[in-house]
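Colleague: Sequence first, then the predicted structure, then my questions.
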Amino acid sequence: MYGVTIMIVGLDFDGTLIKPRNVINGKLTPFELMDNAENVIRRLSKRNVVFILNTARYGTFRIPAILYIRKMKLPVRTLIFNRKPRADLYIDDHNIFCKRIDWLQIEEEINNLLLSKN
């Protein structure tokens, strides 16, 4: 079913996997994946990169995140709340060096790391 895992990536939800949401007419806008996120995650998963979603969402705020991941059928293996999982890399929009999330740049960096492992 799965090949040998070659890298584990911890992935934040809000602002990293999905675009920041706004309030319009008193309601939050629907979840929308960041540009290129879905395709990059799917391509890297085929290379045995495992994605673990970790988020600070708590209580009932977790449920929409879980349902969205399932609805999109994203290859995210584990959902972890309120703590950092063990991972080789963490992708989070609150990283001190992150000016914006660019999934194509993320893919390029991960591919470079994978090449350097060989």
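Modeller: Okay, I see it. Residues are numbered from 1 along each chain as shown.
Colleague: Now do Phe97 against Glu109, distance only.
Modeller: 12 Å (CB to CB, to the nearest Å). Heads up, the C-betas are built off the backbone N, CA and C, glycines and all.
Colleague: These two: which has the busier surroundings?
Modeller: Neighbour comparison, Phe97 and Glu109: the larger count goes to Glu109, with 13 against 4 (by other CB atoms under 10 Å).
Colleague: Against Val9, how distant is the more buried one?
Modeller: 11 Å.
Colleague: what's the answer for Val50, then?
Modeller: Plainly put, Val50 is 7 Å away from Val9 if you go by CB to CB.
Colleague: Check Asn82 too.
Modeller: Going from Asn82 to Val9 by CB to CB gives 19 Å.
Colleague: Also Cys98?
Modeller: Going from Cys98 to Val9 by CB to CB gives 15 Å.
Colleague: neighbouring contacts of the lowest-mean-pLDDT helix or strand in the chain?
Modeller: Sorting the helices and strands of the chain by mean pLDDT, DSSP states H and E puts strand 76-81 at the bottom, at a mean of 79. For strand 76-81, contacts defined as CB atoms under 8 Å, 6 or more residues apart in numbering pick out 10-11, 41, 50-58, 62, 65-66, 69, 85.
Colleague: Which parts of the helix ranked longest in the chain count as buried, going by neighbours?
Modeller: Taking DSSP state H as the criterion, the chain has its longest helix at helix 103-117. Under the neighbour-count criterion of 16 or more other CB atoms under 10 Å, helix 103-117 has Trp103, Ile106, Glu107, Ile110 buried.
Colleague: same thing with stretch 44-57?
Modeller: Leu44, Ser45, Val49, Val50, Phe51, Ile52, Leu53, Asn54, Thr55, Arg57.
Colleague: ok, what's across the strand from the fourth one?
Modeller: Translated: Val50. Beta-bridge pairing of Val50 under DSSP bridges involves Ile8.
Colleague: and it, what is it in contact with?
Modeller: Counting by CB under 8 Å, 6+ apart, Val50 touches Thr5, Met7, Ile8, Val9, Arg77.
Colleague: Check the first one too.
Modeller: When contacts are counted by CB under 8 Å, 6+ apart, Leu44 touches Val9, Phe51, Glu107, Ile110, Asn111.
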